[in-house]
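Participant: Predicted structure and sequence below. I'll ask about it afterward.
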Amino acid sequence: SNITIKVYNVLGQEVKTIFNGFKSFGRHSAIWNGLNNKGNQMPSGIYFIELDNYKLKVVKPVTLLK
């Protein structure tokens, strides 16, 4: 299905789109390198990862440490 993985800051603002496209059924991984959509390094802190497909939306907190 089509999958979107995005990173948001604590204010709910989109920081980075990690993936937006098709993934087949199974296990997959994604890595966020701490950069925003403009290529700037984000500060250490708490962020939220959102995984969204046509059936499910999951949001998990993550901590970025430098």
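Facilitator: Nice, I can see it.
Participant: Can you verify my assumption that residue 41 contacts residue 15?
Facilitator: No: shown here, residue 41 and residue 15 do not form a contact pair, counting by C-beta atoms under 8 Å, at 11.2 Å. To be clear about C-beta, it is placed using only N, CA and C from the backbone, and glycine gets the same treatment.
Participant: Compare those two (neighbour count), which wins?
Facilitator: Set side by side, residue 41 and residue 15 show more neighbours around residue 15, with 21 against 11, by other C-beta atoms under 10 Å.
Participant: Show the contacting residues for that one.
Facilitator: By C-beta atoms under 8 Å, 6 or more residues apart in numbering, the residues touching residue 15 are 6, 7, 8, 9, 36, 37, 42, 47.
Participant: Just to be sure, which of these are found in strands?
Facilitator: Within the contacts of residue 15, residues falling in strands by DSSP state E are 6, 7, 8, 47.
Participant: Select only the buried ones of those residues in ChimeraX?
Facilitator: What follows is the ChimeraX syntax selecting those of those that are buried according to 16 or more other C-beta atoms under 10 Å:
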select :6,7,47
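Participant: Switch the ones in strands among the contacts of residue 15 over to a markdown table, and while doing so, append distance to residue 66 and pLDDT to every line.
Facilitator: Output for those, formatted as a markdown table (distance: C-beta to C-beta, whole Å; pLDDT from 0 to 100):
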| residue | distance to residue 66 | pLDDT |
| --- | --- | --- |
| 6 | 21 | 98 |
| 7 | 15 | 98 |
| 8 | 19 | 98 |
| 47 | 13 | 98 |
